[in-house]
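Enquirer: the sequence isn't on hand, but the structure is:
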Ligand SMILES: Cc1cc2nc3c(=O)[nH]c(=O)nc-3n(C[C@H](O)[C@H](O)[C@H](O)COP(=O)(O)OP(=O)(O)OC[C@H]3O[C@@H](n4cnc5c(N)ncnc54)[C@H](O)[C@@H]3O)c2cc1C
Ligand code: FES
């Protein structure tokens, strides 16, 4: 299992155990993490699963695809470390990663 | 306003559920008109994931969203459904009685339909422009902030800021450029998903000094009484103000329940409860199929919408042809069904 910590916009930490091959979004929803809406259920079609990835893990998560970049245009307060969590696949290298959620999703 | 269009069934929403309902109704000699706020058929499949493969349509190991829509259109072609695109169904008047219902349906474009039955196949609701999450933007809406361009004249001799990187943003940049005082296009990054030729035309205008392109996101608005005086842009080098009188953000589409909430239908968490025999709502003659309905065990799958349409059609038949008996037939063996399909 891979440990991922979600920090909400109030600073509260929540750590979840994520299975390899799932997406970060799926683990957020499964564990009732607030501030992740995921309206489209992982279709890269809504931009309501927006997170900021901890700089130390940015490289390990890889670059957003063109489609993800297009959807990020519709997200709120996008930063260079912004990602759509439904497009990040959980892999062993991501163990210990923290992601922060913005105070609103679209 | 013209005369009312008279038809058997009005279908609200041209997503997969609405499209396939045309087929099931057509086999029973029931005519339908489809109305959708989008400019094209297909609902979520066409708007949200036209190029993504779907793997759980029976009989298709793999089919793209748009391919499925194209196939559905080919399948319902023999029944000549009439489509009304770019129209929101706004109001629904219940005429008639529960035993012999009839309805008058009003659209945003001023069209009026009179039908015996209404099938709500509205999915997650109507597609509507998404609002950018900027504090206090509501106060400026329809006065100086617009999510679509309806009247070009609203923009004549104004300094207009357009936000976005897709086709709508680029098309309106080019269309409004000749009449606006100045256009500033704002996009998060220097990479556009709009058609390359519009991007090139935009870049030429920027290079010639005829318009501005700024990279970043709009974080706040300045102005009074709904009249915009400037927007604040946050770019990689900090915040800057752009003086302007109009803001047109193109932030994509989102699904909103919309006017359906006012039609007198029972709602449960923005979904319409139906029975699982006929998929009829609490109002006789109004059915709900596809993602918009709910019942014990409901799955929001395209497959479910198809099944629901087939069953609803049986009851619709009783409203449309109260005196005719319905006998069950297969398309493989019924010569009368094959005649309707134009294959015999
Ligand atoms: C990314 C993604 C992937 C998916 N993958 C699958 C999959 O693999 N398999 C599967 O079975 N399902 C999948 N789905 C779900 C599937 O797309 C939906 O179940 C299906 O589209 C529902 O069809 P529908 O006809 O009920 O509604 P929709 O497709 O939502 O269409 C409803 C239409 O009604 C219109 N409308 C609503 N209200 C009004 C109004 N008042 N006036 C005018 N028009 C109105 C809307 O504009 C819309 O076009 C996926 C969905 C998404 C977003
Ligand atoms: S869940 Fe919709 S884009 Fe990620």
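Expert: In hand now; what should we look at? What you see is a predicted model, and the numbers here were worked out from it, not measured in a lab. Numbering: from 1, shown residues only, chains lettered A, B, ... in the order given. Ligands and ions are numbered 1, 2, ... in the order given.

Enquirer: surely residue B:318 is in a strand?
Expert: No. Residue B:318: not assigned to a strand; according to DSSP: H, G, I helix; E, B strand; the rest coil it is helix.

Enquirer: and it, how many neighbours?
Expert: 15 (other C-beta atoms under 10 Å in any protein chain shown). Using the backbone N, CA and C atoms, a C-beta is placed for each residue, glycine as well.

Enquirer: so what's it up against?
Expert: Counting by C-beta atoms under 8 Å, 6 or more residues apart in numbering or on different chains, residue B:318 makes contact with residue B:326.

Enquirer: what does residue B:272 give?
Expert: Shown in contact with residue B:272 (C-beta under 8 Å, 6+ apart): B:120, B:260, B:265-266, B:281, B:288, B:292-294.

Enquirer: from those residues, which are also near ligand 1?
Expert: residue B:260 (C-beta under 6 Å from any ligand atom).

Enquirer: just the buried members of the contacts of residue B:272?
Expert: Buried by 16 or more other C-beta atoms under 10 Å in any protein chain shown: B:120, B:260, B:265, B:281, B:288, B:292-294, out of the contacts of residue B:272.

Enquirer: and those residues, which is closest to chain A?
Expert: residue B:292 (15.3 Å; C-beta to the nearest C-beta).

Enquirer: and the contacts of residue B:272 as a markdown table, adding pLDDT and distance to ligand 2?
Expert: Formatted as a markdown table, the contacts of residue B:272 follow (pLDDT from 0 to 100; distance: C-beta to the nearest ligand atom, whole Å):
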| residue | pLDDT | distance to ligand 2 |
| --- | --- | --- |
| B:120 | 98 | 25 |
| B:260 | 96 | 23 |
| B:265 | 97 | 28 |
| B:266 | 97 | 29 |
| B:281 | 98 | 29 |
| B:288 | 98 | 25 |
| B:292 | 97 | 19 |
| B:293 | 97 | 22 |
| B:294 | 97 | 21 |
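
Enquirer: how far away is residue B:166 from residue B:182?
Expert: 22 Å (C-beta to C-beta, to the nearest Å).

Enquirer: residue nearest the centroid of chain A?
Expert: residue A:85 (2.7 Å; C-alpha atoms, centre = their mean).

Enquirer: looks like that one contacts residue A:18 (just checking).
Expert: No. Taking contacts as C-beta atoms under 8 Å, residue A:85 lies outside contact range of residue A:18: 10.9 Å.

Enquirer: overlap of the contact sets of those two?
Expert: Common neighbours of residue A:85 and residue A:18 (C-beta under 8 Å, 6+ apart) are residue A:24.

Enquirer: what's the domain layout of chain B?
Expert: B:5-127+B:254-341, B:132-250 (the TED database).

Enquirer: let me see the ranges of the helices in the stretch 101-250 of chain B.
Expert: B:167-176, B:196-207 (DSSP state H, counting those that start in this stretch).

Enquirer: touching chain A at all, the shortest one?
Expert: No. In this structure, helix B:167-176 remains apart from chain A according to C-beta under 8 Å from any C-beta of the partner chain; the gap is never smaller than 9.4 Å.

Enquirer: contacting residues around that helix?
Expert: Contacts of helix B:167-176 (C-beta under 8 Å, 6+ apart): B:149, B:152, B:155, B:160, B:162-164, B:183, B:185, B:187, B:192-195, B:198-199, B:201-202, B:205, B:211, B:248, B:250.

Enquirer: quick check: angle from that helix to helix B:196-207?
Expert: For helix B:167-176 against helix B:196-207, the angle by axes from the mean of the first three to the mean of the last three C-alpha atoms, to 10 degrees is 50 degrees.

Enquirer: for chain A, which residues are neighbours of ligand 1?
Expert: So chain A meets ligand 1 at A:40, A:43, A:45 (C-beta under 6 Å from any ligand atom).

Enquirer: closest one of these to ligand 1?
Expert: The shortest approach to ligand 1 among the residues of chain A next to ligand 1 belongs to residue A:43, at 2.1 Å (C-beta to the nearest ligand atom).

Enquirer: no further queries at this time; thank you.
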